[in-house]
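Undergrad: Fold the following and give me the result.
(chains A and B)
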Amino acid sequence: MEVLSGVLCTLPDARRETMMALADRRDGSARDLLAVSDAIAHPGHDRTASHGYSCYSYDGGPPVADTDTPIESAQELQRVLRLARLRDEDVSAKGTVAVSFGQVRREVSVHALIQALGPALVDDTAPAEETWTPAEAARHLGVSRPMVYRYIEQGLLEDRPVGSHHRIPVASAHALAASRRASGRRAVEALNDPAQQDRVAAARERARARVEANRTGATA
Amino acid sequence: MTDPAWPPVPDGQYELRSTRAAMGDLGVPGRVAAGDLDAVAATTRWPAIVEKFREQRALDPGGTEGPMHSVGRGDVFSLHGPDGQRACTWYDRDAGVVWLLAFTAEHDYVLFEDRAKDGALLPTEDDYVELVVFRQEREFEEVVAPGVRELVTSAVNSGAPARGSIGGGLLRLEVVAEVVRVDGVGIGDVYLSVALPLDDARNDLRDWPGADLLQRLADATGLAGTLDYPSKVPDSMGTRPVRRDEELVVALRDDVLA
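TA: Numbering: from 1, shown residues only, chains lettered A, B, ... in the order given. The predicted structure follows:
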C-alpha cells in the first residue's frame, strides 16, 4: 500500500477524507480517483509518509487473497486486485478492502478500486492505454456496435476519442464484460436456488408471454 | 407501467446469447451462463463456431450466409463454421437478442429442420427465464445510470426541470439544476427528487440499494459534487419545501456541470 498511501499522505486531511469517500463510490470516472490512478501509474511522489498505513482484504465470499493478511505493499495490493479481476468477478463484485489511515477507516469495494485504479494495474492482457474500436469492443462484449455507442452515451463504457473516432479503453470493456459475466452466473445460480423460486416463477410468466408472441409471429 | 423485463429496444441494439439447446449441441456444461460467450467458447469442442457467431453477428444480426427457409421462416439465418460445422441464429428484435439457436458438427440442416417442425428451434421459456433473471441481476447503476444522466444533462442544458421514468419504470425522477456560468464554465447544484411511493418493481432488482438509494442515485449521476440532503428545492417561485410524504431529495453541490 505504500504507493496509494504515499498519494494519500501528500494530500491534506480533508482531501484524504474526500478521496477515500470517492473511492467508495462505484463511478471510477470520479476525477479524484483518476488523479490517484495517474499518480500510481506515474509514481515518484514522497513515499516516506506511509508509516502507519495498513490495508486488509476480506469479503463475504471466496477470499480475495489470504484473508486477514495485511497488505503491506503496493505490489501486494496490485496482486490482490489483479486476482480479483482476472480470477473471479464475483469476488470483485462483492469483495471489499478495509482501508485504515490514522483515524480514517473505509470499506472500499474491490469493484470500485478495480474500476478506479484499473488503468494503473499491471495486466498482461490489457496494457494500460490500449483501446479498442467500437467493433472490437462489440465483439468482446458480445453485443452490436449500436449497443457499444449506447453504452458510451450511458456512461457504461469510457471513450477516449481520437479525432471523431470512438476508442474504448480495454480496461473499461473488460470491467463491463466482467460485470455482465457475474450477472450471468448469478442468474444461473438463482434459477437453481429454492429460495428464489417465487422470483423465478414471476420471470417465467414474462417468459411465457415472449414465447407465445414468438409462436404467434411464426404463424402470422 | 413499462415491464422492466421487456423495455422497448431500438432496432440494431442487441446482445448475443446462446439458447440452452445450442449449448447442449455444443456440449457446454449447464452451469455456464447463456450470455457468457467466453465461457461457452472455452468449454466446447467447437469454439470456432462460437467465435464466428460473435464476430459476424456483432456486426450484422443476419450475417452473410443467408436465411434458412427450410425451417419454415425467413428470419433464421445460417452460420457456417470450419469443417462443415453449421449453426443457425435468430434476431429477436423484441428482446434485443441475437440467439445462437442450434449447432451441428455435420454439414447437415436436418437437426434444425426437425426442431423447427417440433416447435423447438426458437428460444424456449427457460431461455427467456434466464434472460429475464440475468437482466434483473445487473447492477443498480447499470439499470438507472443512463436515465439519471440523461435527465441531468437535460436539466443542466435547458435550465428547466427534467422529469422522467427511469430504469424501465423503476423510479420516477425529477432533476433540477441551478447553474451559474463563469467564463463559459457552468458551476452549480443538481437536485434529484425521487417520487414516492416507490414502484414494486424494485423488488425484482437484486442490487436494490434500500436506504442507500439517494447516495447511489447521486453516484449514478457521475458528478463529484458535495452530497447534501436539502430541506428546500428550487422551483419557479424560488424554492419550495421538500414534500416528505411525496419525495426523497438529494443534492450535489458546487460541481462543474458543463
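Undergrad: Please parse chain B into its domains.
TA: If you go by automatic domain parsing, the domain ranges for chain B are B:15-136, B:140-256.
Undergrad: where in the stretch 51-200 of chain B is pLDDT low?
TA: By pLDDT under 70, the weakly predicted segments of the stretch 51-200 of chain B are B:182-184.
Undergrad: Around chain A, pick out the residues from it.
TA: B:54-55, B:57-59, B:61, B:72-73, B:92, B:94-95, B:98, B:119, B:122-134, B:136-139, B:141-142, B:145-146, B:149 (Cβ under 8 Å from any Cβ of the partner chain). Placement of C-beta: from N, CA and C, glycine included.
Undergrad: so of the domains of chain B, which one's packed in deepest?
TA: domain B:15-136 (a mean of 20; mean count of other Cβ atoms under 10 Å in any protein chain shown).
Undergrad: how distant is that domain from the center of its chain?
TA: Put simply, domain B:15-136 sits 20 Å off its chain's centre (Cα atoms, centre = their mean, to the nearest Å).
Undergrad: for stretch B:197-215, same thing?
TA: 17 Å.
Undergrad: what's B:V76 in contact with, if anything?
TA: Each residue near B:V76 by Cβ atoms under 8 Å, 6 or more residues apart in numbering or on different chains is listed here: B:P67, B:M68, B:C88, B:T89, B:W90, B:L101, B:F112, B:A116, B:L121.
Undergrad: where are the low-confidence patches of chain A?
TA: A:1-129, A:217-220.
Undergrad: Now the phi/psi pair for the residue of it found nearest chain B, please.
TA: Nearest residue of chain A to chain B: A:G184, at 2.9 Å (Cβ to the nearest Cβ). Here is the backbone geometry of A:G184 (degrees, to the nearest 10): phi -60, psi -40.
Undergrad: Now do the same for the closest residue to it other than its chain neighbours: its pLDDT.
TA: Leaving aside its sequence neighbours, A:G184 sits nearest to B:A33 (Cβ to Cβ, 6 or more residues apart in numbering or on different chains; 2.9 Å). pLDDT recorded at B:A33 is 93.
Undergrad: can I see the domain layout of chain A?
TA: A:2-120, A:131-219.
Undergrad: so how far is chain A from B:D118?
TA: Distance from B:D118 to chain A, counting by Cβ to the nearest Cβ, to the nearest Å: 13 Å.
Undergrad: go on, B:P67?
TA: 14 Å.
Undergrad: With B:G168 as the reference, measure out to that residue.
TA: 32 Å (Cβ to Cβ, to the nearest Å).
Undergrad: Return the residues in contact with the residue of chain B found nearest chain A.
TA: Closest residue of chain B to chain A, Cβ to the nearest Cβ: B:A33 (2.9 Å). Counting by Cβ under 8 Å, 6+ apart, B:A33 makes contact with A:R181, A:G184, A:R185, A:A187, A:V188, B:A39, B:E130, B:F134.
Undergrad: for the fifth one, helix, strand, or coil?
TA: Going back to what we said before, that points to A:V188. Under DSSP: H, G, I helix; E, B strand; the rest coil, the three-state class of A:V188 is helix.
Undergrad: Quick check: nearest residue in space to it, chain neighbours excluded?
TA: B:A33 (5.2 Å).
Undergrad: Following the chain past the helix or strand where B:L214 lies, name the next helix or strand.
TA: Per DSSP states H and E: B:L214 is located in helix B:213-220. Where DSSP H and E defines the elements, the next helix or strand beyond helix B:213-220 is strand B:226-228.
Undergrad: Partner strands of that next one, with direction?
TA: Take DSSP bridges as the rule and strand B:226-228 pairs in its sheet with strand B:247-256 (antiparallel).
Undergrad: And the contacts of the partner strand?
TA: B:174, B:185-196, B:213-215, B:217-218, B:221, B:223-230, B:233, B:242.
Undergrad: Repeat that for stretch B:50-58.
TA: Looking at stretch B:50-58 with Cβ under 8 Å, 6+ apart, the contacting residues turn out to be A:135, A:138-139, A:142-145, B:16, B:18, B:26, B:37, B:40-41, B:44, B:63-64, B:79-81, B:87, B:89, B:98, B:100.
Undergrad: Over to stretch A:194-209?
TA: Under Cβ under 8 Å, 6+ apart, the answer for stretch A:194-209 is A:190-191, B:3, B:5-6, B:125-129, B:131-133, B:136, B:204.
Undergrad: In helices, which of these fall?
TA: Counting by DSSP state H, these place A:A190, A:L191, B:E125, B:D126, B:D127, B:Y128, B:V129, B:L131, B:V132, B:V133, B:Q136 in helices.
Undergrad: Using JSON lines, lay out those residues together with distance to B:M237.
TA: Putting these into JSON lines (distance: Cβ to Cβ, whole Å) gives the following:
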{"residue": "A:A190", "distance to B:M237": "48"}
{"residue": "A:L191", "distance to B:M237": "52"}
{"residue": "B:E125", "distance to B:M237": "54"}
{"residue": "B:D126", "distance to B:M237": "55"}
{"residue": "B:D127", "distance to B:M237": "53"}
{"residue": "B:Y128", "distance to B:M237": "49"}
{"residue": "B:V129", "distance to B:M237": "50"}
{"residue": "B:L131", "distance to B:M237": "47"}
{"residue": "B:V132", "distance to B:M237": "45"}
{"residue": "B:V133", "distance to B:M237": "46"}
{"residue": "B:Q136", "distance to B:M237": "41"}
